[in-house]
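Novice: missing the sequence, but the structure's below:
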């Protein structure tokens, strides 16, 4: 299996080592297309992330596709592509020169590559901390079932959970991003919503909310976004990019075969979504830059109980301290208090008073 590898010269921005993003091409598309036009280099440089773009082994199956088909997949079967991808990750993790953090291994792909991404996310949730499915058919479908949704949510859920087997505990900390174009006439758009619902159900993420694409990186931010969250924050993101067809949404760069620049920059979006919501990484060792602004004063209000927080700070400071979260990275996004999900207003700079309870819950209060 030939793999295009991009290793940035910049330092990693999260955790104890570099993140790894494996990106899978679609049918009638080559790994070199994504290497040259997928807009990965800038994203990798900004975040110190290694990007690997493998070619489907032996030219792939039908039309060069990845073998995502049907419900018969195994981590060790030499007859499919699953073992090749797991071996690729194992080999890259074993290379000390790459310095890859095993808690930051991600997979994304278009079309058959998106279908294989979902297969691998189900098959090895312990390996892949995040999966990005771009216009991929659901697990358990055949090559002839791309034009209309051919499985139910219950069927796809059962297939995914069966694939995981003894590795199913990995679902507890995995996150998923799904994206598709409103003008996709190749893979039924309904598969994308189904895939998001399947993964949200498996994760136990039942709180659903919408978000705007305005402010996201790229050249076309028309469309809609949906998040599924649990008590600790977002787990699944679904984006419909209006006007996009059956393409990899590069959002910049030269583009190429089945790659569009008239889209959001999915490389930037999906990487930020994974980085922001990764539940496996050791954030205690996250690199920090020296502050450029004068430090804000610590809250002076006494806590209501010894050791419990109560005080006023900016939303960004609350988030950095683990008391709140925002759905995305835009500086004007809405913020919510952890566990209680109390609304804290919009924007990093908005000041809010939070009170902590013994259970780790934070509530918005007027005063301490």
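Specialist: Cool, the structure landed. Not measured: the values here are computed from a predicted model.
Novice: can you give me the helices for the chain?
Specialist: With DSSP state H applied, the chain shows helices at 31-37, 41-47, 82-93, 112-123, 153-164, 190-203, 266-277, 315-320, listed in chain order.
Novice: Tell me what the residue lying closest to residue 121 once chain neighbours are set aside is bridged to.
Specialist: Closest residue to residue 121 in three dimensions, ignoring its sequence neighbours and counting by C-beta to C-beta, 6 or more residues apart in numbering: residue 131, at 3.5 Å. C-betas here are computed from N, CA, C, even on glycine. Beta-bridge pairing of residue 131, defined through DSSP bridges, involves residue 107, residue 176.
Novice: most packed of the helices of the chain?
Specialist: Of all the helices of the chain, helix 112-123 has the most neighbours on average by mean count of other C-beta atoms under 10 Å, namely a mean of 30.
Novice: now it, how far from the centre of its chain.
Specialist: A distance of 13 Å separates the centroid of the chain from that of helix 112-123, by C-alpha atoms, centre = their mean, to the nearest Å.
Novice: likewise stretch 108-128?
Specialist: A distance of 12 Å separates the C-alpha centroid of stretch 108-128 from that of its chain, computed with C-alpha atoms, centre = their mean.
Novice: List the contacts of stretch 70-89.
Specialist: Under the criterion C-beta atoms under 8 Å, 6 or more residues apart in numbering, residues 1, 3, 20, 22, 52, 54, 56-57, 66-67, 105, 107, 116, 119-120, 123-124, 127, 139-142, 159, 162-163 lie in contact with stretch 70-89.
Novice: In stretch 349-366, which residues are buried?
Specialist: Along stretch 349-366, the positions that meet the burial threshold by neighbour count (16 or more other C-beta atoms under 10 Å) are 352, 353, 354, 355, 356, 361, 362, 363, 364, 365.
Novice: The third one and residue 166, how far apart?
Specialist: By that I understand residue 354. To residue 166, residue 354 is 40 Å away according to C-beta to C-beta, to the nearest Å.
Novice: With the last one instead?
Specialist: Separation of residue 365 from residue 166 (C-beta to C-beta): 45 Å.
Novice: so what's the residue nearest to residue 121 up against?
Specialist: For residue 131, the contacting residues are 106, 107, 108, 117, 118, 120, 121, 174, 175, 176, 177, 199, taking C-beta under 8 Å, 6+ apart as the criterion.
Novice: list the contacts for residue 106?
Specialist: Contacts were defined as C-beta under 8 Å, 6+ apart; by that measure residue 106 touches 19, 20, 21, 22, 128, 129, 130, 131, 132, 270, 271, 274.
Novice: Check residue 4 too.
Specialist: Going by C-beta under 8 Å, 6+ apart, the list of residues near residue 4 reads 31, 32, 34, 35, 52, 53, 54, 55.
Novice: beta partners for the residue lying closest to the fourth one once chain neighbours are set aside?
Specialist: Sequence neighbours aside, residue 4 is the residue nearest to residue 35 in space, at 4.1 Å (criterion: C-beta to C-beta, 6+ apart). Beta bridges link residue 4 to residue 53 when assigned by DSSP bridges.
Novice: And residue 227, by the same measure?
Specialist: Assigned bridge partners for residue 227, using DSSP bridges, are residue 209, residue 237.
Novice: how close does it sit to residue 43?
Specialist: As for residue 227, its distance to residue 43 is 21 Å (criterion: C-beta to C-beta).
Novice: Now residue 34: closest residue in space that isn't a chain neighbour?
Specialist: According to C-beta to C-beta, 6+ apart, the nearest residue to residue 34 is residue 53 (4.9 Å).
Novice: what pLDDT does the residue nearest to residue 130 when sequence neighbours are not counted get?
Specialist: Beyond its immediate neighbours in the sequence, the residue positioned closest to residue 130 (C-beta to C-beta, 6+ apart) is residue 274, lying 3.9 Å away. With respect to pLDDT, residue 274 scores 98.
Novice: My read is that residue 47 contacts residue 15, right?
Specialist: No - counting by C-beta atoms under 8 Å, no contact exists between residue 47 and residue 15, whose distance comes to 10.9 Å.
Novice: Let me see the contact set for residue 35.
Specialist: Taking C-beta under 8 Å, 6+ apart as the definition of contact, the neighbours of residue 35 are 4, 6, 53.
Novice: Could you tell me how far it is located from residue 41?
Specialist: Distance from residue 35 to residue 41, by C-beta to C-beta: 9 Å.
Novice: what sits in contact with each of the two?
Specialist: Common neighbours of residue 35 and residue 41, using C-beta under 8 Å, 6+ apart, are residue 6.
Novice: thought residue 267 was touching residue 39?
Specialist: Yes - using C-beta under 8 Å, residue 267 is in contact with residue 39, at 5.2 Å.
Novice: which residues do these two both contact?
Specialist: With the criterion set as C-beta under 8 Å, 6+ apart, the overlap between the contacts of residue 267 and residue 39 is 250, 251.
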